[in-house]
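Asks: Compute the structure for the input listed below.
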Amino acid sequence: MSNIPETGRTQRVTIRLVILQILVVSLLCTLGGRLWYLQIRNGQQYTAEAASNHVQEVVTPAVRGSILDERGVPLADNETRLVVTVSRTDMLKMKDGGKAVLGRLAAVLGMSEKDVADKVRLCDAKTPKPCWNGSPYQPIPITDKATTQQALQIMERREDFPGIAAQPTAVRRYDSPDHANAAQVLGYLSPVTDDEIKASMKNGQPTLQRSDQVGRSGLEHTYDAELRGKAGITRYEVDNRGRVIGNAGDTPPQPGNSLVTSIDSRVQAVTEKELAQAMEDARHVWDKNTNTWYKADSGAAIVMDVHTGRIIAMANAPTYDPNVWVGGISAKDYKALTGDGSDYPLLNRAIQGLSAPGSTFKVIPTTAAINAGYAADGHYPCTSSMTIGGQTFGNFESESAGDISLGKALEISCDTVFYGLAYDQWLKDGGNNPKHPKDWFYTTARQFGLGEKTGVDLPGEAKGRIPDRTWKQRFWEANKTAWCAQAKSDKDDYATRIAREDCTDGNRLRAGDSVNYSIGQGDTLVTPLQMARIYSALSNGGTLYQPTIGKAIVSADGKHVQEIKPKATGKLPDSQETLHYIDDALAGTITSGTAAWKYQGWPQDKITLHAKTGTAEVYGKQTTSWLATYSKDYAIVMTIAQGGTGSGGSGAAVRAIYEALYGVDGGNIDPKKGLLPQPRETLPKFGPDGQAQQVAYVPARAFAYPPEPAGPAAPGYAPAALAPDRNEKLLLGRRYHV
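Replies: Have a look, this model is predicted:
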């Protein structure tokens, strides 16, 4: 018999029953709570999702809006092509992952099996291009260049090509009117990603569809929401076998709006051609400093309306064909755009290319000096060199001109005048022991808009750099450890010597820093667009405009026009008297200053040009050519990396652009032959079909350049050194008429 009392056994049974009851009640509560959550709290959501199991959606992509030049000429448009797509979902259901089907498809399309397979693999951090960065559930385009015969082969042999489709589709087209490329301005498209679809959720529904293409750079990116439109959706009721049993409603696609830009395709073409020709000419000029030919490996040029900040042309070199992105980029093309040795043509150097501005910067210290109390027409020594703190700072090519005014210093670009002003002001600010420095030269640069983005309607703009005291301190704090480590090295090269100096007091604004800064050297960095904005302001009386390319958004039917108005964002810190003074000095650059040898015979009395040349030194490279100019209507800035002097590298090209704009032929002016004798203020008109009614014009005639010697240039061959005869022939060969 058990020794456990009957009462004890009863208590244990009772406890077990209570525990069991608690567990049962808990499970019932949990189940009830879950049912409440599913049926009441989220009932509508799951009801909708359950209903969607019986509704299949077919997405009809919206037609993307056009990007037009200011006359209504399409820069980016659409065309219907036969597009072959692959359903990756269907491929994965096959035993071999679709390998056999893709092999047959490659044979029909005349492509390699590897190229086809690469296009359907998904992009990730380890997968090289080409690959698919869109949704894995969206049909993946293999080619948009299929012929009718190829499409018929695919569609008539459905059993051989499951998951493959070939159908007419509207695809992007970049027309290059008048041979205007504008690739970096226009940008390109690529498929939307799942992350972007999730991020686009609004009121529980995504605004992006898996079939959408989105802008990845340029205007395509900035104005993507306006251009893209809204995809249409057709909903079909289906049974559990996937058979259509009815229509659940349609949402028609809404075409995207069109974007009218301030770009003139003819001026864009001329600017691109002239930049390319200037770079080619520079490669035949001997650099006596490095004893090699100038490399002229990249460049940019901008034409801006000085009254509005609108950009008429923006050229980049090297460049590329934006159509390579249409239908998916190939591995070969992608490597050509991004690989080593490509010189990165995707980069928009007009807004992202940073370099020292050289002497084009001198309009800023001129303003700073006058505002600081220095007399504009004072007598400043223009000596061949200047020694400060044991270091000699030379004038360009060791020239000297005696005592001159600030205006004359601008005209002939005398470095030592600006050295002296900067050094004197540095001493007044306290030298190495400043207490309350006014820093006129640095403050003025920021008032000119440098060191900040201009706000142009293009993505990826760089803001540049003004190396003032605040920047010096932050830069020193970020690099002190590395500098001090390098300072311990036994090397005695230039970089190590600088590291030793910076290790101890790299945060100090030294005399040498201010002296170099005064002529646009040292750590100063600007973009061509920033300089175009500054020289536009000098032309228009001092107003800094936010640069824009978009001019208006026009609805697909052409009935609604939303103009993008010019926006003034600041004023130059110059009095009108100072602006007139600088204006006269820069006009002197054309007639008797550093640009005069390139502008002989220009009708200066009828179309007054103003200019500042710049030859910026870059450590370890050849000099950068800068030329910043303006007339009463336009500012034109051109820069060529490793391109030589400002006037020698860019002078002839900038002159040719002005000739094309105004219709200048030698000393004669015929506005009827000018591409744009004055900026166009009106917008193109749109017909009832929403199509722009283009302004009638005759395209610019073919560009005729004198032939260059075939093969490598002969020793001593330097076109720019043969002025004026050869340069006059170059100019006569560059005539543009409409």
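Asks: Please put the alpha-carbon coordinates of stretch 435-454 into PDB.
Replies: Output of stretch 435-454 as PDB, limited to C-alpha atoms (Å, rounded to 0.1, in the frame of the first residue of the first chain):
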ATOM      1  CA  LYS A 435      42.900  88.100 -33.100                       C
ATOM      2  CA  HIS A 436      40.000  89.500 -35.000                       C
ATOM      3  CA  PRO A 437      40.800  88.800 -38.700                       C
ATOM      4  CA  LYS A 438      38.500  90.300 -41.300                       C
ATOM      5  CA  ASP A 439      39.600  87.800 -44.000                       C
ATOM      6  CA  TRP A 440      38.300  90.000 -46.800                       C
ATOM      7  CA  PHE A 441      39.500  87.700 -49.600                       C
ATOM      8  CA  TYR A 442      37.900  84.600 -48.100                       C
ATOM      9  CA  THR A 443      34.700  86.200 -47.100                       C
ATOM     10  CA  THR A 444      34.300  87.800 -50.500                       C
ATOM     11  CA  ALA A 445      34.700  84.400 -52.300                       C
ATOM     12  CA  ARG A 446      31.700  83.100 -50.300                       C
ATOM     13  CA  GLN A 447      29.700  86.200 -51.200                       C
ATOM     14  CA  PHE A 448      30.400  85.300 -54.800                       C
ATOM     15  CA  GLY A 449      28.700  81.900 -54.100                       C
ATOM     16  CA  LEU A 450      31.800  79.700 -54.000                       C
ATOM     17  CA  GLY A 451      32.200  76.900 -51.600                       C
ATOM     18  CA  GLU A 452      28.400  76.100 -52.000                       C
ATOM     19  CA  LYS A 453      26.300  74.400 -54.600                       C
ATOM     20  CA  THR A 454      24.600  76.600 -57.100                       C
END
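Asks: Please list the outside residues in contact with it.
Replies: 351, 364-365, 367-369, 371-372, 422, 425, 428-430, 461-466, 468-469, 514, 517-518, 524, 526, 529-530, 533-534, 537, 544, 546-547, 569-570, 572-573 (CB atoms under 8 Å, 6 or more residues apart in numbering). The C-beta positions use only the backbone N, C-alpha and C, and glycine is treated the same way.
Asks: Filter the residues you listed down to the buried ones, ChimeraX style.
Replies: This is the ChimeraX syntax for the buried subset of those, where burial follows 16 or more other CB atoms under 10 Å:
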select :351,364,365,367,368,369,371,372,422,425,429,461,462,464,465,466,468,469,514,517,518,524,526,529,530,533,534,537,544,546,547,570,572,573
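Asks: Among the contacts of stretch 435-454, which ones are in strands?
Replies: Leu544, Thr569, Gly570 (DSSP state E).
Asks: okay if I get the residues you listed as TSV plus distance to Val24 and pLDDT?
Replies: Putting the ones in strands among the contacts of stretch 435-454 into TSV (distance: CB to CB, whole Å; pLDDT from 0 to 100) gives the following:
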residue	distance to Val24	pLDDT
Leu544	77	98
Thr569	72	97
Gly570	76	96
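Asks: and of those residues, the nearest to Val267?
Replies: When those are ranked by distance to Val267 (CB to CB), Leu544 comes first, at 22.7 Å.
Asks: separation between the spatially closest residue to the closest one that is not a sequence neighbour and Ile233?
Replies: Spatially, and ignoring its direct neighbours in sequence, Leu544 is nearest to Gly570 (4.0 Å; CB to CB, 6 or more residues apart in numbering). Separation of Gly570 from Ile233 (CB to CB, to the nearest Å): 47 Å.
Asks: Also Thr261?
Replies: Applying CB to CB, the value for Thr261 to Ile233 is 31 Å.
Asks: who's more crowded, these two?
Replies: For the pair Thr261 and Ile233, the greater number of neighbours falls to Thr261 (28 against 15), based on other CB atoms under 10 Å.
Asks: Please report phi then psi for the more buried one.
Replies: When read as degrees, to the nearest 10, the backbone of Thr261 gives phi -110, psi 170.
Asks: Tell me the bridge partners for it.
Replies: Taking DSSP bridges as the rule, Thr261 bridges to Gly550.
Asks: What residues does it make contact with?
Replies: With contact taken as CB under 8 Å, 6+ apart, Thr261 is in contact with Ile67, Leu68, Asp69, Glu70, Leu75, Leu219, Ile549, Gly550, Lys551.
Asks: Now for those: which two are most distant?
Replies: Farthest apart among these by CB to CB are Glu70 and Leu219. That separation is 13.3 Å.
Asks: buried ones in stretch 152-170?
Replies: Buried residues in stretch 152-170, defined by neighbour count with 16+ other CB under 10 Å: Gln153, Ile154, Phe161, Gly163, Ile164, Ala165, Ala166, Thr169, Ala170.
Asks: So which of those sit within helices?
Replies: Among those, the residues falling in helices (DSSP state H) are Gln153, Ile154.
Asks: from memory Met314 sits against Leu275, does it?
Replies: No: with contact defined as CB atoms under 8 Å, Met314 does not count as touching Leu275 (10.4 Å).
Asks: any common contacting residues for the two?
Replies: Ala300, Ala301.
Asks: Compare those two (neighbour count), which wins?
Replies: Neighbour tally, Met314 and Leu275, criterion other CB under 10 Å: the higher count belongs to Met314, 28 against 25.
Asks: beta partners of that one?
Replies: Legend: beta-bridge partners of Met314 under DSSP bridges are Ile302.
Asks: domains of this protein?
Replies: Here the domain parsing of the chain from automatic domain parsing is 55-261, 265-358+525-548+568-662.
Asks: for this protein, which helix is longest?
Replies: Counting residues, the longest helix in the chain under DSSP H turns out to be helix 6-36.
Asks: Give the other helices and strands that that helix contacts.
Replies: Here helix 6-36 touches no other helix or strand, going by 3 or more CB pairs under 8 Å, 6 or more residues apart in numbering; DSSP states H and E.
Asks: Out of the ones in strands among the contacts of stretch 435-454, the closest to Thr193 would be?
Replies: Taking CB to CB as the measure, Thr569 is the one of those closest to Thr193, at 34.4 Å.
Asks: Can you report phi and psi for Met615?
Replies: In this structure residue 615 is Thr, not Met. phi -130, psi 100.
Asks: ok, now how distant is it from Gln600?
Replies: For Thr615, the distance to Gln600 equals 20 Å [CB to CB].
Asks: Quick one: residues contacting Pro162.
Replies: Asp90, Met94, Val101.
Asks: Check the gap between the first one and Ala231 for me.
Replies: The spacing between Asp90 and Ala231, counted by CB to CB, is 22 Å.
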